[in-house]
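Engineer: sequence and predicted structure, then a few things I'm wondering about:
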Amino acid sequence: MGKDSKTTTKKPAAKGDKGKGGDKEEKGSKGGKGGLGTCKEVKARHILCEKQSKILEVQNKLNEGWLSNDSKVPESEFGKLAMEYSECSSGKKGGDLGWFPRGKMVGAFQDIAFGTEPGNCSTPFKTQHGYHIVLVTGRRN
């Protein structure tokens, strides 16, 4: 049983390491949607609001204009909403965060940004900074 316990202990550690440095293991199975978690950098825009009611207002505007029709939100239109609603300094630049690597953003933000396909918007989510909506505009390895 001692050997089995050691093996069991090692397996969860390996799984936990995948998110940080396990990209090499995942690259081999990159086909299809599996590639979402393997990129090294993401380019995104976001809208940050302190109050949930305000981010839900933004979400309603996105739904009315594009999302309810299964359309992609144009980057320029998302940028206009960011300039109007975002309480982040990036709002002045249309919410543009540019390219950022894994480990630069807080956990939930990083998870959403790296798990969203380019051209798609996230639903509202909360971090310690407030409520966000993210539009992913690019991915690269």
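Structural biologist: Received, thanks.
Engineer: now the element after the worst-scoring helix or strand of the chain on mean pLDDT, going C-ward?
Structural biologist: The element with the least model confidence among the helices and strands of the chain, by mean pLDDT, DSSP states H and E, is helix 23-27, at a mean of 31. Heading C-terminal from helix 23-27, the first helix or strand you meet, by DSSP states H and E, is strand 41-49.
Engineer: buried ones in that following strand?
Structural biologist: Buried residues in strand 41-49, defined by neighbour count with 16 or more other C-beta atoms under 10 Å: V42, K43, A44, R45, H46, I47, L48, C49. All C-beta atoms are positioned from the backbone trio N, CA, C, and that covers glycine.
Engineer: quick one: the strands in the protein, in order.
Structural biologist: Counting by DSSP state E, the chain has strands at residues 41-49, 96-101, 125-127, 130-140.
Engineer: can I get those strands in CSV with distance to Y85 and mean pLDDT?
Structural biologist: Shown next, in CSV, are the strands of the chain (distance: least, C-beta to C-beta, whole Å; pLDDT from 0 to 100):
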stretch, distance to Y85, mean pLDDT
strand 41-49, 6, 98
strand 96-101, 15, 97
strand 125-127, 16, 97
strand 130-140, 9, 97
